[in-house]
Structures are given as C-alpha cells and as structure tokens.
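S.K.: Got a predicted structure here, sequence first:
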Amino acid sequence: MDMVTDMDKVIIQKRMSESEIEIEGLVIIETRKFKDDRGYFYESYNEHKYNELIGNDIHFFQDNVSLSAKNVLRGLHFQNPPFDQGKLVSVLKGSVLDVAVDIRKDSVTYGKHHSVVLSAENGLQFWIPPGFAHGFLTLEDDTIFSYKCTNYYSPESEGSLRWNDPDLAIDWKIKNPIISTKDEINDFFNTFVSKFN
C-alpha cells in the first residue's frame, strides 16, 4: 500500500457516543492507521473533520508534549476563564489512564469523571472541552503524551484538584503514584469553588 496516495481515505470517527460516556461534551475519537512493512501513517488532526465530530468550531493555539516514567501521575489540572482550555489528548508512545472530571457547576454530572486508556497502540484521542479538570497516570516507561490546547498557558489562571480526592473517588488502580510536589497540595473538591457554569 502506498500511504501517500491513501491520505484522502483517512477517516476519523467517534468510538463512543456521548450517551455511552455519560458526560456531555466528552468525545473519544478513533483514528485509522494505514500500516505496511515500512511502518504506519495516520491523520492526527484535521480541523474540518474534528469540528464535525465535536459539533463546535474548535481552534488550537498551543501544543504540548510530556515524557514520563511508569506510574507518574499528572493532575488534576485546568485553567480558569477567560483562559480556559479545551484539550485534544493522545499518546504517541506507551499508554496512560486518562481522566476528565466535570467541574461545570451547572452540569448534571458536576463532580463526575470519565476515564479511558489511551495508548500508541489503540490510537485513541480524547476531546476534553473547557470546564473539566484533567489528569493521567502513565502505564509504561517512557510514555510520550500529547496535548492540543484551545488557549495559551496562563500561570495566573491555573487550577487543580487533588488526584486522590475521596469525593471524586477516581480508581487510579495504584496507591502510590509518582507525583510532583505541586500536585501533592492541590485543592480538595469539598472546598473547591468552580468558575465554570
């Protein structure tokens, strides 16, 4: 197969409907990989197609990449308005347990979360709109994680929730992950005041 001539045949699709995810706004996207003896090719982003899938006009302003050892937990992070960010996240190498927590105070699923395993192997992407706290746990060494963000990083707008908050009750399937000093003192949900409607 000539991967270049098949570029126009690349498709992306929702793997799960929003009703299966049960939290409005979250979308899991499945990419289609074209493989042969040379390797593989896939379209990681196409604005027109993604806007059709997500149902909004999405524009990305910043891309971030992180490298982490196994059992590193980053999160739960977000940026407050007016610098709130939507994120399209995926894994370029390795795998993660990825988690989004609804922090939209008027949402019927406020405080609820959804988790999904993202890996280089399964090629899944996770769209997390503004109004969610986000975190992930790496499941393999040398995991490379990619974020496309709809706003620029703003240190003054940073917010965070405790990864092991008892009210959120996220099953990370690990008791002692590797976390930053900063993430050890994130806010608890019962004292958190959301700035998202």
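M.R.: Looks like it arrived, so ask away.
S.K.: going forward, measure contacts and count neighbours with C-alpha atoms only.
M.R.: Fine.
S.K.: what about the helices in the chain?
M.R.: For the chain, applying DSSP state H gives helices covering 18-21, 47-54.
S.K.: Could you export these to TSV, including columns for distance to residue 71 and mean neighbour count?
M.R.: Shown next, in TSV, are those (distance: least, C-alpha to C-alpha, whole Å; neighbours: other C-alpha atoms under 10 Å):
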stretch	distance to residue 71	mean neighbour count
helix 18-21	25	12
helix 47-54	31	14
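S.K.: center of the chain, which residue is that?
M.R.: residue 89 (4.1 Å; C-alpha atoms, centre = their mean).
S.K.: For that residue, list each beta-bridge partner.
M.R.: residue 126, residue 147 (DSSP bridges).
S.K.: thought it was touching residue 144?
M.R.: No. Between residue 89 and residue 144 there is no contact under C-alpha atoms under 8 Å: 11.0 Å.
S.K.: Any idea which of the helices of the chain gets closest to residue 69?
M.R.: With C-alpha to C-alpha, the closest approach to residue 69 among the helices of the chain belongs to helix 18-21: 28.5 Å.
S.K.: Tell me, please, the helix or strand in this protein that averages the lowest pLDDT.
M.R.: In the chain, no helix or strand scores lower on mean pLDDT, DSSP states H and E than helix 18-21, which sits at a mean of 55.
S.K.: residue ranges with poor pLDDT in the chain?
M.R.: Where the chain drops to pLDDT under 70, the residues are 1-20.
S.K.: repeat that for 80
M.R.: 1-21 (pLDDT under 80).
S.K.: how about the strands of it, start to end?
M.R.: 12-14, 27-31, 34-36, 39-41, 62-68, 73-79, 87-93, 95-102, 113-119, 124-128, 132-138, 143-149, 158-160 (DSSP state E).
S.K.: Turn the ones you listed into a markdown table, including distance to residue 176.
M.R.: Converted to a markdown table, the strands of the chain look like this (distance: least, C-alpha to C-alpha, whole Å):
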| stretch | distance to residue 176 |
| --- | --- |
| strand 12-14 | 33 |
| strand 27-31 | 28 |
| strand 34-36 | 38 |
| strand 39-41 | 36 |
| strand 62-68 | 16 |
| strand 73-79 | 9 |
| strand 87-93 | 22 |
| strand 95-102 | 15 |
| strand 113-119 | 19 |
| strand 124-128 | 25 |
| strand 132-138 | 11 |
| strand 143-149 | 18 |
| strand 158-160 | 19 |
